[in-house]
Every structure is written in structure tokens, then in C-alpha cells.
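Visitor: Below are the sequence and a predicted model; questions follow.
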Amino acid sequence: MSTAITAAILALIVILPLVIRFKNRRRRCCKALLLIPVAADDELFERRVKACYWEEAFSDPLYAKDILLVTGDVSPNTYAAQRLAQEYSTVHTVHISSLGDYLQRNYFKESKKTDS
């Protein structure tokens with residue numbers, strides 16, 4: 001009987017730090033992005049963005065994604081993308097030519113901070 005208690009205590013000593021480390025690693029999860037291209041001929045663009053926004057708004061805050069609308073040519077959907085970015089806090093608009101700079105400035109620096 002005492003060996004079973006000793007084994008249970010030793011297992012608890014070994015497993016408990018691993019569980020705590022796993023929970024802390026999940027909390028430091030880096031932010032993810034949901035990229036949506038803005039096309040001129042997309043009639044359901046605004047509905048798609050709103051659906052993605054509300055899906056992320058009600059999801060787990062640890063795993064919620066920012067929505068990034070990537071624009072190219074000027075079209076009515078480009079103006080709709082800018083309006084949606086002003087309406088919703090997690091929606092952002094960026095032009096395709098500055099996408100790399102935006103990701104380095106806002107995403108990679110943040111993930112480096114959370115890795116340490």
C-alpha cells in the first residue's frame with residue numbers, strides 16, 4: 001500500500017510541472033491572421049468579412065485571429081474593405097505591395113516577444 005502511495009506522489013511530482021508548462025505555453029500563443037483578398041468581382045465580399053468577424057468575435061480569445069483584407073486594384077470592394085476596417089476592431093486593410101512590411105512590423109515582432 002505504501003509503495004502505491006509513493007508511486008502516486010512521484011508521478012504527481014513528475015507530471016505536475018509538465019502540465020503547468022503546457023498551460024503556460026498555450027497562454028503565450030501568438031496571434032494568427034486570416035487573410036482575405038479583395039477582388040473586384042466578388043459580390044459576397046462584405047458578407048464574407050462580416051461572417052469571419054463574428055465567428056472570431058465569439059471564439060476563444062486565446063485563438064482569435066485578426067482579419068487582414070489584402071487590396072490590389074481600386075474597386076468598390078476596396079472602399080468597402082476600408083469601411084469594414086473602420087467599423088470592426090480586428091479587421092485591418094493593407095495593400096498587396098506593403099503586405100510584407102505590415103507582417104514584419106505587426107506580426108513577426110509580436111511573435112518574437114511571445115517566444116521568449
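Guide: Nice, thanks for sending it over. Since the model is a prediction, treat every value here as computed from it, not as a measurement. Numbers count the residues shown, from 1 in each chain.

Visitor: CA only for contacts and neighbour counts going forward, please
Guide: OK.

Visitor: For residue 114, give me the pLDDT.
Guide: We note a pLDDT of 52 for residue 114 in this prediction.

Visitor: Report the buried residues of stretch 49-64.
Guide: 49, 52-53, 56, 64 (16 or more other C-alpha atoms under 10 Å).

Visitor: Walking through this structure, point out its helices one by one.
Guide: For the chain, helices defined by DSSP state H occupy the ranges 2-27, 45-57, 76-87, 99-103, 109-115.

Visitor: Next, the contact list for residue 70, please.
Guide: Counting by C-alpha atoms under 8 Å, 6 or more residues apart in numbering, residue 70 touches 35-38, 93-96, 99.

Visitor: Strands - which of these land there?
Guide: 35-37, 93-95 (DSSP state E).

Visitor: Pull out the buried members of those residues.
Guide: Buried among the ones in strands among the contacts of residue 70 by 16+ other C-alpha under 10 Å: 36-37, 93-95.

Visitor: ok so, going back, which one of the contacts of residue 70 is nearest to residue 78?
Guide: residue 38 (6.6 Å; C-alpha to C-alpha).

Visitor: Now do the contacts for the closest one.
Guide: Each residue near residue 38 by C-alpha under 8 Å, 6+ apart is listed here: 45, 69-72, 77-78, 81.

Visitor: For ChimeraX, what selects the buried ones among those?
Guide: To isolate the buried members of these in ChimeraX, using 16+ other C-alpha under 10 Å:
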select :45,69,70,71,77,78,81
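
Visitor: Tell me how this protein divides into domains.
Guide: For the chain, the structural domains run 1-28, 31-115, going by automatic domain parsing.

Visitor: Not counting its neighbours along the chain, what's nearest residue 77?
Guide: In space, and not counting its chain neighbours, residue 77 is closest to residue 40: 6.0 Å by C-alpha to C-alpha, 6 or more residues apart in numbering.
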